[in-house]
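Asker: The sequence and its predicted three-dimensional model are supplied below.
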Amino acid sequence: MGRLAGQVAVITGAASGIGGACALRFAQEGARIAGIDVNEPPAEQRDAVAKTAGDAFWTRADVRDEASVERAIGEVLARFGRIDALVNAAGVSGYGAVDQVDAAEWDRVVDINLKGTFLVSKHALRAMKAQRSGSIVNLASIEGLEGMQSQAAYNASKGGVVLLTRNMAIDYGQLGVRVNCLCPGFIETPMTNVLKTPGLEGIRRQFIDLHMLRRPGKPEEVAACALFLCSSDASFVTGHALVVDGGFTAGRRLSEVPG
Ligand SMILES: NC(=O)c1ccc[n+]([C@@H]2O[C@H](COP(=O)([O-])OP(=O)(O)OC[C@H]3O[C@@H](n4cnc5c(N)ncnc54)[C@H](O)[C@@H]3O)[C@@H](O)[C@H]2O)c1
């Protein structure tokens, strides 16, 4: 019996990376899956989830656009009639110090990462409130907890996700809805593949070295934590920001550790 047997899980950003890994893992644990993404999932991703889940469907929506989100959540409810778990994994990176970031780029990053989390949660919460149950997991970041050089918009958006998570935990806890977020470190996904381009490998190595485990994380390792937070094992966990960061935020290493 899977840990999400019979449950309905909505996963945004499900066409790639962490959202894709959540869709597959949640399907393996018995959930029916609704994947929401602005892009179509690759065929192999769609097939893997379809083969594993009792029932799965995908719909395209831009999480920045309320009408598009409302339609997508309406499709989920028409098909499944309820929403037990929501993982807000749609997101984008964004680079530049404050004086280098165009206002339009700021809006793009903050709108997808923060407003998108708000909008999808808003529409899913209507169903969760009526059910008096549900679990939401937002993808924040270590960059929602600590500053990072030249990541002004991304830092601000992820800091916002951490506090929005706590806000929702307060507002919906007494209605039986739990809300937590994950703060991953460097995870190997298409988002971080940009650091494999020639000239950026040094920064990639340096970033990975700041993780005490000295390796990048895998999307499956983040999905396992999302699964924990959505499962009954986390029934008394809400308002929490769980780091999944290989020790990035543990502190500072001052020299090579012998041995
Ligand atoms: N990869 C990492 O190192 C890392 C670390 C910390 C946090 N995160 C966060 O985890 C989440 C997933 O990241 P990932 O690494 O899997 O990235 P990814 O690029 O592999 O996947 C992101 C997905 O979001 C979708 N998306 C983007 N804009 C959208 C929009 N407007 N509407 C709907 N879907 C949209 C993309 O199409 C894509 O499928 C993001 O919120 C990211 O900020 C990632």
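Answerer: Happy to help now that I have it.

Asker: contacting residues around the residue of the stretch 51-200 of the chain found nearest the ligand?
Answerer: Using CB to the nearest ligand atom, the closest approach of the stretch 51-200 of the chain to the ligand is made by G91 at 2.1 Å. The C-beta positions use only the backbone N, C-alpha and C, and glycine is treated the same way. G91 makes contact with G13, I112, N113, G116, L139, M191, according to CB atoms under 8 Å, 6 or more residues apart in numbering.

Asker: P41 too?
Answerer: Each residue near P41 by CB under 8 Å, 6+ apart is listed here: A14, A15, S16, G20, G35, V49, W58.

Asker: Now the third one. Nearest residue, chain neighbours left out?
Answerer: Of all residues beyond its chain neighbours, the one nearest S16 is P190 (5.4 Å), with distances taken as CB to CB, 6 or more residues apart in numbering.

Asker: repeat for the last one
Answerer: Counting by CB to CB, 6+ apart, the nearest residue to W58 once its immediate chain neighbours are dropped is G35, at 4.3 Å.

Asker: Give me the helices and strands touching the helix or strand harbouring that neighbour, please.
Answerer: Using DSSP states H and E, G35 maps to strand 32-37. Applying 3 or more CB pairs under 8 Å, 6 or more residues apart in numbering; DSSP states H and E, one finds that strand 32-37 contacts strand 8-12, helix 17-28, strand 56-60, helix 66-80.

Asker: Okay, now the sheet partners of that strand, with direction.
Answerer: strand 8-12 (parallel), strand 56-60 (parallel) (DSSP bridges).

Asker: Could I get these in CSV, plus columns for mean pLDDT and mean neighbour count?
Answerer: Converted to CSV, the strands paired with strand 32-37 look like this (pLDDT from 0 to 100; neighbours: other CB atoms under 10 Å):
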stretch, mean pLDDT, mean neighbour count
strand 8-12, 98, 30
strand 56-60, 97, 18
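
Asker: Which of those sits closest to S157?
Answerer: Counting by CB to CB, S157 lies closest to strand 8-12 out of these; the figure is 14.7 Å.

Asker: who wins for neighbours among the contacts of P41?
Answerer: The residue in the contacts of P41 with the most neighbours, by other CB atoms under 10 Å, is A14 (32 neighbours).

Asker: Reduced to three states, what does it come out as?
Answerer: Following DSSP: H, G, I helix; E, B strand; the rest coil, the label given to A14 is coil.

Asker: how close does it get to G20?
Answerer: 6 Å (CB to CB, to the nearest Å).

Asker: What is the neighbour count of Q149?
Answerer: Residues within reach of Q149, counting by other CB under 10 Å, total 9.

Asker: about what we covered before: so which of the helices and strands packed on strand 32-37 comes closest to Y154?
Answerer: Judged by CB to CB, the one of the helices and strands packed on strand 32-37 that comes nearest to Y154 is helix 17-28, at 15.1 Å.

Asker: And that closest one, how far out from the chain middle?
Answerer: Between the centre of helix 17-28 and the centre of its chain there are 11 Å (CA atoms, centre = their mean, to the nearest Å).
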